[in-house]
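Peer 1: just the structure for this:
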Amino acid sequence: MARLNLLEETRFEKLPVTVYPNEETAAKKVARRISDLIIRKQKNGESAILGLATGATPVGVYKELVRIHKEEGLSFKNVITFNLDEYFPMKPTSPQSYVTFMKENLFNHIDINMANVHIPDGTLAIETIHGFCLEYEKKITSLGGLDLQILGIGRTGHIGFNEPGSAPNSGTRLVTLDDLTRRDASRDFGGKENVPTKAITMGIGTIFKAREIILMAWSLKKASIIKKAVEGEISSEVPATYLQLSENVEFILDQDAASDLTRFNTPWLVKDCIWDEQMVKKAVIWLANTLGKPILKLTEEDYNNHGMAQLATEKGPVYNINIHIFNKLQHTITGWPGGKGNADDSQRPERAVPDKKRVIIFSPHPDDDVISMGGTFIRLVDQGHDVHVAYQTSGNTAVWDDDALRFVEFARDFSKSISLDTQKLDELYLSMRNFLETKQPNQADTPEIQILKGLIRKGEAISGARFAGLTDEKIHFMSLPFYDRGKTSKNPVSEDDIKVTMDLLEKIKPHQIFAAGDFADPHGTHKVCFDILIQALERLKDKEWIKDCWLWLYRGAWHEFDTHEIQMAVPLSPQEVERKRFAIFKHQSQKDRPVFPGDDAREFWVRAEDRTRETAKAYDKLGLAEYEAMEAFVRWKF
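Peer 2: Have a look, this model is predicted:
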C-alpha cells in the first residue's frame, strides 16, 4: 500500500527523485555514497572512476569528502577523476578556472594523485581541441567508463555545458555558451562581457555512459528548471530532460529546489491532503487562477474536476470555503502597515498597540528599502511612527569605475574653485586612474576606491531616506564586515556581524522590523544579511522588548511572494507609486544600467512598479478591490 501511495504521489515525475530537508543533509548523503563507492573499489583492488562537477552546487559535497578524508581516513589514492567542463579560453591559474575551483574545494585537501586528475584544457590552440576531446573520451573508455557522475543543473537546463540544442548522443566538444549561462557567471568575472563565450564540455552521450548519475540541485532558484527536467517532455530546449531516458539516474534535491514539483506545489492533484488553513488558502487561490475565476464564483464542480473533492467533502459546502478564503485575503489588505491605533485589530495584519511604533527597516544594499517597500516606508513615516532605516552593507561593488572617477574630478574642481590646495587629491586621482586603466576583470578595487564607491552609495541612500521623510539621526550605516572580506564571494557570518546588529537592535528596541526575505537574490547578500539578523534576534530573545517585536519580510527586485503566502498587502495610490519612484531615482549610480542587473534588463524602478502592479492585479482577479499597486509582506515568527 505504501508503495502504491508513493507511485501515485510521484506519478508526474519521470525519473527517480529524492528530497532532503536542506542542502547540508543532501550534500552529506551524496558524499557518503561517493565515499562508500571508493571504499568498495579499494577492497576489490580497483580504481574508482568519478565524473566531477563545479559551481556552487557540489561545494558541500566536496567539503564533506574532505572531512571524511581527514577525520575518518578515507584515501583517494585509488580515485581517478574526470571533470565535466572548463571555460575556453581559460588559464588553469585563473581564479575563475575550474582547475582552481577543484584544487581549492577538493584536491588540495586530500591525498589524490594529481596524475589521476583530468580537467578539460582551456589553453589549447583551437585547431587541437577536436583531437583533445577524442582523447578525453578514449581515456574514460579505456578505464571502463565512469562509475559515478555527479551533476548540477543550470537555469537553461544545461548539464555540464550542454546548452539548449545539444544532442542526446553528443560527446566531449567545444560549445558556445547560452547568454543566460554567461549572465549567471558574470559576477565571478566582473561583468558578463568578461565571461568566455565558449567552453569544452563532456557531452550528454558521455554522461549517459556512467554507471550511476546523480544530479543535485539546491535553492528556490533551481525550482522551476527542476520541474521542467523532472516532469516536462523530453526536449533539446531543456537538455536535462534527456536524463529521463537513463535507468541509472537519480535527482537529489533540497526542499526548496523540489518545491515546484507537483507533489509539493499542488499535492491535492496526486494525494489526499491534510487540509490546514494554509493548504486550503493555497488550493483555492490556485483553483481560481487556473480557471480564471474570482474566488466567490468557484463551484463544487470546479473543486471536483480539479483534484479538490476531498476538500469540498471535508470543509464544504464550497461556497462557505470560498467566503472564508475571500475574507482571509481581504484581511491581509491594510493601509496601516504600522497598525491602526484606537481601532479593532482582530482582523488586521498588524497590532493597534502601541499606536506609534518604533520601526527598523533593514536594507541589505543601500537601495533595497525604497525599491522593495518604498511606498510602505513613506507611509510609515507619514503615519507618525518612529522609523529608522539600517543599511547593512556599503554596496561598494556596484558602482561603475568611471562614475567613481567623476566624483573625484568634481571634488578636485570644486576645491580648486574655492582656492583649496588639491595636491594630495591630484595625486590620489592619478593613482586611481592608473589603477583603473590596468584593472583586470573582477580585480578588487584599491581601499581608496572602495571607500569612494561606498560613499557614493551612502550619499544616495541618505538622499532616498530623507525623501521618505527621515531625519539624519534615524539613518544608520552598519557596514557589516562580511561584505568587505571578499569581493566576489561572501564569507560566512562572523561574530562581528552579529554584534553590530545586536547593538543597533538594543539601541532602538523596535516594535516592528522589516527585512529582506528575498533568498533567491542572485548575489547571495540578502540571505547572509537575513541570517545575521536572525542570529542577533535569537541571542536577544530574553530581552523584554523583543516579546513585543514583530518581523515582517519583504521581497527584493527579483520576484514577489506568491499570493497565498502574503500576510500583509499595503495598497499604493498612483501618487504614492510616484513618490516611491522618486525615492528610487535618488540612487543615480543604479539607474539606467546597474553593474549587476541579474537576468532582468529593466531598471530597478520599472521592476518595482511592475511587480507591485502585478500583485494588485492578482488580488483584483481573485475578486478583491482593484488598486494601483500593492507591496506585500510575510510575517516571520522567531
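Peer 1: for the residue lying closest to residue 234 once chain neighbours are set aside, which three-state class applies?
Peer 2: Spatial nearest neighbour of residue 234, chain neighbours left out: residue 241 (4.6 Å); criterion: CB to CB, 6 or more residues apart in numbering. All C-beta atoms are positioned from the backbone trio N, CA, C, and that covers glycine. Secondary structure for residue 241, judged by DSSP: H, G, I helix; E, B strand; the rest coil, is helix.
Peer 1: just give me the neighbour total for residue 66.
Peer 2: 18 (other CB atoms under 10 Å).
Peer 1: residues in contact with it?
Peer 2: Residues near residue 66 by CB atoms under 8 Å, 6 or more residues apart in numbering: 106, 109, 110.
Peer 1: just the buried subset of the residues you listed, written out for PyMOL, thanks.
Peer 2: Restricted to buried positions by 16 or more other CB atoms under 10 Å, the PyMOL selection for these reads:
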select buried, resi 106+109+110
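Peer 1: any stretches of the stretch 401-550 of the chain with poor pLDDT?
Peer 2: 486-492, 520-523 (pLDDT under 70).
Peer 1: same thing but 90
Peer 2: Along the stretch 401-550 of the chain, the parts satisfying pLDDT under 90 run over 440-444, 484-494, 518-525, 527.
Peer 1: can you map out the strands along the stretch 101-250 of the chain?
Peer 2: Using DSSP state E, counting those that start in this stretch, the strands of the stretch 101-250 of the chain run over 117-118, 148-151, 173-176, 198-201, 213-217, 249-254.
Peer 1: who does the first one touch, helix- and strand-wise?
Peer 2: What it means is strand 117-118. strand 79-83 (3 or more CB pairs under 8 Å, 6 or more residues apart in numbering; DSSP states H and E).
Peer 1: what lines up beside the strand it packs on in the sheet?
Peer 2: According to DSSP bridges, strand 79-83 forms sheet pairs with strand 48-52 (parallel), strand 117-118 (parallel).
Peer 1: which stretch among these comes nearest residue 205?
Peer 2: strand 48-52 (13.1 Å; CB to CB).
Peer 1: model confidence over the closest one, on average?
Peer 2: Average pLDDT, strand 48-52: 98.
Peer 1: C-terminal to it, what's the next element?
Peer 2: Going down the chain from strand 48-52, the next helix or strand is helix 59-72, by DSSP states H and E.
Peer 1: I'd like the next helix or strand past the helix-or-strand element of the chain with minimal mean pLDDT.
Peer 2: None of the helices or strands of the chain scores lower by mean pLDDT, DSSP states H and E than helix 2-9, at a mean of 56. Next along the chain after helix 2-9, taking DSSP H and E as the criterion, comes strand 17-20.
Peer 1: so which elements touch that following strand?
Peer 2: strand 249-254.
Peer 1: which residues touch the strand it packs on?
Peer 2: With contacts defined as CB under 8 Å, 6+ apart, strand 249-254 is touched by 15-23, 25-26, 29-30, 212-219, 226, 229-230, 243.
Peer 1: are any of the residues you listed buried, and if so which?
Peer 2: By neighbour count, with 16+ other CB under 10 Å, those hold 15, 17, 19-20, 23, 26, 29-30, 212-219, 226, 229-230, 243 as buried.
Peer 1: please state the offset of the helix or strand encompassing residue 32 from the chain centre?
Peer 2: Using DSSP H and E, residue 32 maps to helix 23-43. Centroid displacement of helix 23-43 relative to its chain, using CA atoms, centre = their mean, to the nearest Å, is 27 Å.
Peer 1: that one: which residues count as buried?
Peer 2: Buried-residue list, helix 23-43, by 16+ other CB under 10 Å: 23, 26-31, 33-35, 37-39, 41-42.
Peer 1: wait, which of the residues you listed is closest to residue 600?
Peer 2: Checking the buried residues of helix 23-43 against residue 600 with CB to CB, the nearest one is residue 23 at 25.3 Å.
Peer 1: quick revisit: determine which of the strands paired with strand 79-83 approaches residue 145 most closely.
Peer 2: With CB to CB as the measure, strand 48-52 is the member of the strands paired with strand 79-83 nearest residue 145 (6.9 Å).
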